[in-house]
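Chemist: Got a predicted structure plus its sequence, pasted below:
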Amino acid sequence: MENRKVIFERPRSMTEARTHYCPGCTHGIIHRLIAETIDELDIQDKVIGIAPVGCSVLAYNYFNFDMQQAAHGRAPAVATGIKRVLPDNIVFSYQGDGDLASIGTAEIVHAAARGENITVIFINNAIYGMTGGQMAPTSLVGQKTQTSPYGRDAKLAGYPIKMCEMLSALNGPAYLARVSVHDVKNINKAKRAIKTAFETQMKNKGFSLVEVLSSCPTNWGMHPIEALKWLEENMIPYYPLGEYKTLEEVK
Amino acid sequence: MEKVLMKGNEAIGEAAIRAGCKCFFGYPITPQSELPAYLAKKLPKIEGGVFLQAESEVAAINMVYGAAGAGARVMTSSSSPGISLKQEGISYIAGAELPCVIINIVRGGPGLGDIQPAQSDYFQATKGGGHGDYKLIVLAPSSIQEIADLVMDAFDLADRYRNPVMVMGDGALGQMMEPVAFKEPSAVELPPKDWATTGMKGRKPNLINSLYLDPEKLEKHNLKLQAKYKEIQEKEVRYETKYCEDAELVIVAYGTTARIAETAIRQGRAEGIKVGLIRPITLWPFPTKPFEEVINSVKQFLTIEMNLGQMLEDVKLAVNGRKPVHFYGRTGGMVPTPSEILTQIKKLAGGE
Ligand SMILES: Cc1ncc(C[n+]2csc(CCOP(=O)(O)OP(=O)(O)O)c2C)c(N)n1
Ligand code: SF4
C-alpha cells in the first residue's frame, strides 16, 4: 500500500456532482481542463466563473468556486462588470456557439475590442445543443440540423462564422487560440491553451479566448466515437486549429 | 447646507457619488446624456471608480449585473427606448436579487418617439417590463432637490432589499436647473453583502443565479420575492398631500406633472375652488393610504399624466369605484400647462 502513489484525482476546483451531460459529450472534458488549470495556477480562491445559457448553464454545479449565471450571450458584459470592480480577481466566461457567436456577438466583439482583461472559453459544437439541435452560426455548410433539415444552405443561411479569425482582426485581444478535444493529443494541447489564456489574464495582458471544437453526439445524431471522427474530418478543415494571436509577452 | 445650482442630470451623478456609488455603465441617449458625461469626468478621479460606456444598453445592464453581483454599489441610466432594451437584464437582476440603481429620464414614445418629457413609461416601470413576477422600487422626484435626495435613498433601498430601484424622472427634470443641497449619506446599517461573488477565500462558493429548473423551487423563489415585495409595500411607501383637508376635488399627479398641477391648484383655490393634490413619490409601491384619508370627504378625483392614462389604473384601484376618477393627459412629449389643468379643474368643479 505504502508504495502506491496518487496519479489521478478530482481537481479541487470541481465538485463531486455528476454532470448532466449526454454520454460522450465533450463539455465534461473541457470542464475538467479548466478545473485542472485553476488548481495548477492556484487561483481557486480568486476566480469568478460565468455560466452561459446552453447545455453548460449548470456549470456552476460542477465548478467549485464563485460563479455568476448570465443571460443568453451576455457573459462578456457580465464578466466586464465583475472584472472592472474586482481587477485582482480572475474572471472567465464559458460560452457555447449559439451564446457567443449569435445572440452575444456584440458583447464578445466589444469585450475583445476593449481588451477586457478576462478569459473566454468558447465551446464550438456547431449546433444549439440545449434547445434540441437547431442550426448555429457555426454549423457547417451542408450540415443537417432541426432548422436546416436539408443541410445548411449558404445562400439562405449565410456562412459559418470563424470567431478566432474574426476577433484576430481587432487590436484588443492578447491571446486567441482554437483547439479541439477529439483525441488525447489534442486534449493536452487544449489544456495548454487554456492555461496560457488564464496566464495572459494573470499577467494583465488583456483579452484571451480559447475556442474549443467540441462534439454533440446527441444532436448530431451520432455515436460518440463517430462524432469525434466527424469533428476531426469536417470541423477542423473549416476551423483550423492553432494560435491566432499571441502577444509576444505571453508566449 | 450649501446650495448649488445644478442641472437635474448632473445632480443625479453628484448624489450617486455622495451615496458611495463608484461604478457606472451606460449608453448615450437624450435627454439623460449629461449624467454619464458628469460621471465620466468624476468617477475616474475616485479610488476604485469605474466609468464605462458600454456598446449597448443590453451590455450596460449586464455589466451592472456583474458588478452588483461582485458587491459594488452600481448605477446605470438611460431614457425610454434604452430602458426597453435593459428590461432583459432588469428581470435577471430582480430574479438574482441584486441591488442596483437604474435612472430613467423618460421621453415620448412609442418607438423612437421624440426627446421631449413624458411619463409614458409608467407601466413599463411599475408593472414589470421584463418577463416574470418581479417588482422594482420606483421613485418619482418632482424637483432637482428631490432627485438628489431620492437618488441617495435609492442606493440604500436597493442594498436593504437586494432589489433594483428605478428613479424615474422625465426630460424636463433632467434638463432644468435648480438650487440643490446634498444631504449627508445615511449612516444606517445595511445587511452585509456576504452573498457577493468576490472569490471564495476560505468560504463556500457563492452563486449569483436566477435559474431554478425545478418548478416547485422556482415557485418557492417567487413566493420569497413576493414576501419581500409585501414588506416593501408595508414599509417604503412615500407620497405627499397638499390642500387636501377641505378638498372636494383631488388631483393625482407625480413628477413634473405634479408641479404644474400645483400651480393650477393654487389658481383654482384663488378662485374659491376646493381642490387638493395627492402626489405619489413611490410609483411602486403605489400609495393607497392618502386615498383612504380623503375618500369620504372628496367628491371626485382627477388623474393627470404625461401619457394617455397609465397611473390612472392604479388610482382607480385605490379608489375602487367609491368615487368618480377623471383623467386628463397629454402625450408624445407634450407638457400640460397650468391653464389647461385649471380648465379641467373648473369643468369638474362646475359640473356638479
Ligand atoms: C434570450 C434567450 N433566447 C433563447 C433562449 C433559448 N436557448 C437556450 S440554450 C440555447 C442555445 C444554446 O446553444 P449553444 O450556445 O450553442 O450551447 P450548447 O447548448 O450547444 O452547449 C437557446 C437558443 C434563451 N434561454 N434565452
Ligand atoms: S445536447 Fe449535445 S452539447 Fe448538450 S449535453 Fe448533450 S451532447 Fe452535450
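Modeler: Happy to help now that I have it. Ligands and ions are numbered 1, 2, ... in the order given.

Chemist: Quick check: buried residues in the top helix by length along chain A?
Modeler: Longest helix in chain A by number of residues (criterion: DSSP state H): helix A:184-202. Using 16 or more other C-beta atoms under 10 Å in any protein chain shown as the test for burial, helix A:184-202 gives A:186-187, A:189-191, A:193-201. To be clear about C-beta, it is placed using only N, CA and C from the backbone, and glycine gets the same treatment.

Chemist: May I see these organised as JSON lines, with distance to ligand 1 and pLDDT added?
Modeler: As requested, these are exported to JSON lines (distance: C-beta to the nearest ligand atom, whole Å; pLDDT from 0 to 100):
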{"residue": "A:N186", "distance to ligand 1": "19", "pLDDT": "98"}
{"residue": "A:I187", "distance to ligand 1": "18", "pLDDT": "98"}
{"residue": "A:K189", "distance to ligand 1": "21", "pLDDT": "98"}
{"residue": "A:A190", "distance to ligand 1": "16", "pLDDT": "98"}
{"residue": "A:K191", "distance to ligand 1": "20", "pLDDT": "98"}
{"residue": "A:A193", "distance to ligand 1": "19", "pLDDT": "98"}
{"residue": "A:I194", "distance to ligand 1": "17", "pLDDT": "98"}
{"residue": "A:K195", "distance to ligand 1": "23", "pLDDT": "98"}
{"residue": "A:T196", "distance to ligand 1": "23", "pLDDT": "98"}
{"residue": "A:A197", "distance to ligand 1": "19", "pLDDT": "98"}
{"residue": "A:F198", "distance to ligand 1": "21", "pLDDT": "98"}
{"residue": "A:E199", "distance to ligand 1": "26", "pLDDT": "98"}
{"residue": "A:T200", "distance to ligand 1": "24", "pLDDT": "97"}
{"residue": "A:Q201", "distance to ligand 1": "22", "pLDDT": "98"}
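
Chemist: re earlier: who are the packing partners of the longest helix of chain A?
Modeler: Contacts defined by 3 or more C-beta pairs under 8 Å, 6 or more residues apart in numbering or on different chains; DSSP states H and E place helix A:184-202 against helix A:27-41, strand A:90-96, strand A:119-124, strand A:173-180, strand A:207-213.

Chemist: what are the C-alpha coordinates of that helix, in CSV please?
Modeler: Taking Å, rounded to 0.1, in the frame of the first residue of the first chain, the C-alpha atoms of helix A:184-202 are listed here in CSV:
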residue,chain,number,x,y,z
VAL,A,184,-5.7,12.8,-26.2
LYS,A,185,-3.0,14.7,-28.1
ASN,A,186,-5.4,17.5,-28.8
ILE,A,187,-6.9,17.4,-25.3
ASN,A,188,-3.4,18.1,-24.0
LYS,A,189,-2.9,20.9,-26.4
ALA,A,190,-6.3,22.3,-25.4
LYS,A,191,-5.2,22.2,-21.7
ARG,A,192,-2.0,24.2,-22.6
ALA,A,193,-4.0,26.8,-24.5
ILE,A,194,-6.5,27.2,-21.6
LYS,A,195,-3.6,27.7,-19.2
THR,A,196,-2.0,30.3,-21.5
ALA,A,197,-5.3,32.1,-21.6
PHE,A,198,-5.6,32.3,-17.8
GLU,A,199,-1.9,33.3,-17.5
THR,A,200,-2.5,36.0,-20.0
GLN,A,201,-5.1,37.4,-17.7
MET,A,202,-3.0,36.9,-14.6
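
Chemist: Check the offset of it from the chain's centre.
Modeler: When distances are taken as C-alpha atoms, centre = their mean, to the nearest Å, helix A:184-202 is centred 11 Å away from the chain's centroid.

Chemist: so it versus strand A:119-124, what angle?
Modeler: Angle of helix A:184-202 versus strand A:119-124, following axes from the mean of the first three to the mean of the last three C-alpha atoms, to 10 degrees, is 150 degrees.

Chemist: what sits up against helix A:184-202?
Modeler: A:29-30, A:33-34, A:36-38, A:40-41, A:43, A:90-92, A:117-121, A:174-175, A:177, A:179-181, A:206, A:208-210, A:212, A:241, A:243, A:246-247, A:250 (C-beta atoms under 8 Å, 6 or more residues apart in numbering or on different chains).

Chemist: try 6 Å
Modeler: Residues outside helix A:184-202 that contact it (C-beta atoms under 6 Å, 6 or more residues apart in numbering or on different chains): A:33, A:37, A:41, A:90, A:117, A:119, A:174-175, A:177, A:179-181, A:208, A:210, A:212, A:250.
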